[in-house]
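In: sequence-free structure coming up:
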């Protein structure tokens, strides 16, 4: 609406002085010229005048592969291959066994075959560690890892 008012004001502002000076302006051509100028100026304003720039930085969540920690990268790759494998894979179970053994050895000086360890592990984690290879659901993996961390 503002552009239309500006175009009318520009038309009247040019037509009246030109007519008073006796140059006999062509109204249609002058209207087309002003309409073209208003359209181009409006297009430039719309393209360039989008408001103030935003200074907020969008932080991308870094990929595990970009962290530089090779152990983390291997664990993420292991989880991805476990989820995408067609047949049950024992690699995740073996990795959970290694993690459990490390925690038991470092914190308690115990091994998995110690009688006191079975109670510490709980039935679900013990079943995953000693049972046959099977596909674990994400919730099961999370519970097992949480249990290992809580040891």
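Out: The structure has been received and is ready for your questions. Every value quoted in this text rests on a predicted model; they were computed, and no experiment measured them.

In: tell me which other helices or strands the host helix or strand of residue 83 touches.
Out: In the assignment (DSSP states H and E), residue 83 maps to helix 70-84. Counting contacts by 3 or more C-beta pairs under 8 Å, 6 or more residues apart in numbering; DSSP states H and E, helix 70-84 packs against helix 91-103. Heads up, the C-betas are built off the backbone N, CA and C, glycines and all.

In: buried set for the following helix or strand past the helix it packs on?
Out: Next along the chain after helix 91-103, taking DSSP H and E as the criterion, comes helix 115-130. Neighbour counts over helix 115-130 (16 or more other C-beta atoms under 10 Å) mark 117, 120, 121, 125, 126, 128, 129 as buried.

In: can you give the contact residues for the helix or strand just after helix 115-130?
Out: As assigned by DSSP H and E, the chain's next helix or strand after helix 115-130 is helix 138-150. Outside helix 138-150, the residues that touch it by C-beta atoms under 8 Å, 6 or more residues apart in numbering are 79, 83, 92, 96, 99-100, 103, 121-122, 124-125, 128, 136.
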